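using only what follows, build the 3D model:
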Amino acid sequence: MRAQIPRIFLFVLAVVGIYAYVGQLLPQFEEHPPAKTVITAQTPPEELVRAGEDLVRAKGGCLVCHKVTESGNERGPDLRKAAAAAASRKPGMEGEGYLIESLVDPDALLVPGFPKMMPSALRPPANFTMAEVKAVVAYLQALGGTEVTVKVRDEDAARSGSATPQHRGKTLAAQYGCLGCHKADGEGGAVGPDITRVAATREPAELLRKIVEPSAWTTPGFQAGIMPAEIGRAIPEGDRHEIVAWLAALAGKSYSPTGAASPWSHEGVRLGLAIFIFNALMLAALAVAAHRERRA
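Numbers count the residues shown, from 1 in each chain. From the prediction side, this is the model:
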């Protein structure tokens, strides 16, 4: 028995090493819920400005059409100039009031040279509260170099978006600005085609390609080159699969967010199978060692 101990020890080390090797081959994901800024009547102006910038860059999807730097999208007006021009847009309306109206009811006054395409910030995909609208106005005022005059009232934060659970792909589509231009299931913009049933005629691989390569095809009746390629390429691969899974669900199809065509291609299933095989080998080796010892 004593002679078997070194061999058993080496075998255990080998198995542990194989476990470690297989484990490091699998992609590791760590997700944290996004930090949520609570906007209240007591929020200081500088924090209100920071919250507004976060909303413009993320939840609002504003940079799909607007820009806040020299380089950026120009389908909508340059947001750096919004606050300075606001005071003269509508006679009898102060700049702050105009900025709020331009977010809540963007069709009330279209900026010359730009089409009607922006949905109300109070409705999907942005689904802002009035407190969030005012945070964006504070950011626009600071961005334009004007005084931050907007004030948040207690009742502004009372209206919240829909609490109904929704597919993660839909949440991501709104987060990355897809619904700013596309309509899906009755919600979103009208710059691009309605994507509610796009998965009915397109395979998941085609949709994944379209996200990162917009020129892959153009829907008849829509101008080519409108969709910016850099936005799709900036979306993590896992999130792209989630969006495609949501589109598939809208079309009545099933698609795994892992992109797997078979459950055997899922990392967890493969790891479980590897663990089972290694454990079986270990038990077999121990059984052989015990059998030899009994014969000896």
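
alpha carbons only for contacts and neighbour counts from here, please
Noted.

three-state assignment of the residue nearest to Tyr255 when sequence neighbours are not counted?
With CA to CA, 6 or more residues apart in numbering as the criterion, Tyr255 has its nearest non-adjacent residue at 5.1 Å, and that residue is Ala245. Following DSSP: H, G, I helix; E, B strand; the rest coil, Ala245 is assigned to helix.

sticking with the residue positioned nearest the centre of the chain, tell me its helix or strand.
The centroid of the chain falls nearest to Leu172 when counting by CA atoms, centre = their mean (3.2 Å). Using DSSP states H and E, the element containing Leu172 is helix 168-175.

buried sites along that helix?
For helix 168-175, the neighbour count (16 or more other CA atoms under 10 Å) marks 169-175 as buried.

go on, stretch 286-296?
By neighbour count with 16+ other CA under 10 Å, stretch 286-296 contains the buried residues Ala289.

check stretch 210-220 too.
Going by neighbour count (16+ other CA under 10 Å), the buried part of stretch 210-220 is 210-214, 218.

likewise stretch 91-105?
Across stretch 91-105, burial judged by 16+ other CA under 10 Å covers 95-96, 98-105.

now render those residues as JSON lines, adding secondary structure and distance to Ala224.
Converted to JSON lines, the buried residues of stretch 91-105 look like this (DSSP: H, G, I helix; E, B strand; the rest coil; distance: CA to CA, whole Å):
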{"residue": "Gly95", "secondary structure": "helix", "distance to Ala224": "36"}
{"residue": "Glu96", "secondary structure": "helix", "distance to Ala224": "36"}
{"residue": "Tyr98", "secondary structure": "helix", "distance to Ala224": "33"}
{"residue": "Leu99", "secondary structure": "helix", "distance to Ala224": "31"}
{"residue": "Ile100", "secondary structure": "helix", "distance to Ala224": "32"}
{"residue": "Glu101", "secondary structure": "helix", "distance to Ala224": "31"}
{"residue": "Ser102", "secondary structure": "helix", "distance to Ala224": "28"}
{"residue": "Leu103", "secondary structure": "helix", "distance to Ala224": "28"}
{"residue": "Val104", "secondary structure": "helix", "distance to Ala224": "30"}
{"residue": "Asp105", "secondary structure": "coil", "distance to Ala224": "28"}
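
which ones are touching Gly76?
By CA atoms under 8 Å, 6 or more residues apart in numbering, the contact set of Gly76 is 65-67, 114.

just the buried subset of those, written out for ChimeraX, thanks.
In ChimeraX, a selection of the buried entries from these looks like this (16+ other CA under 10 Å):
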select :65,66,67
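
so which of the contacts of Gly76 sits lowest on pLDDT?
Least confident entry in the contacts of Gly76, by pLDDT: Cys65, with 85.

make CSV out of the contacts of Gly76 and add secondary structure and distance to Met130.
Listed next are the contacts of Gly76 as CSV, based on three-state DSSP; distance: CA to CA, whole Å:
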residue, secondary structure, distance to Met130
Cys65, coil, 22
His66, coil, 21
Lys67, coil, 23
Phe114, coil, 25
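
for the contacts of Gly76, work out which two are farthest apart.
Greatest spatial distance among the contacts of Gly76 (CA to CA): Lys67 and Phe114, at 14.0 Å.

so, low pLDDT: which residues of the stretch 1-150 of the chain?
Across the stretch 1-150 of the chain, the ranges flagged by pLDDT under 70 are 1-6, 8-9, 19-36.

contacts only, for the residue nearest to Asp185 when sequence neighbours are not counted.
Counting by CA to CA, 6+ apart, Thr196 is the residue found nearest to Asp185 once chain neighbours are left out, at 5.4 Å. For Thr196, the contact set (CA under 8 Å, 6+ apart) comprises 183-185, 247, 250-251.

wait, doesn't the residue nearest to the centre of the chain sit right on Ala245?
No. Between Leu172 and Ala245 there is no contact under CA atoms under 8 Å: 11.3 Å.

so which elements touch the helix ranked longest in the chain?
Scanning the chain for the helix with the most residues, using DSSP state H, yields helix 267-295. Helix 267-295 sits against helix 4-25, with contacts defined as 3 or more CA pairs under 8 Å, 6 or more residues apart in numbering; DSSP states H and E.

and the next helix or strand past the helix it packs on?
Downstream of helix 4-25 (by DSSP H and E), the next one is helix 45-57.

who touches that following helix?
Contact with helix 45-57 is made by 37, 39, 61-63, 132-139, 142, 148, as judged by CA under 8 Å, 6+ apart.

if we go to 7 Å?
Residues from elsewhere that reach helix 45-57, judged by CA atoms under 7 Å, 6 or more residues apart in numbering: 37, 62-63, 132, 135-136, 138-139, 142, 148.
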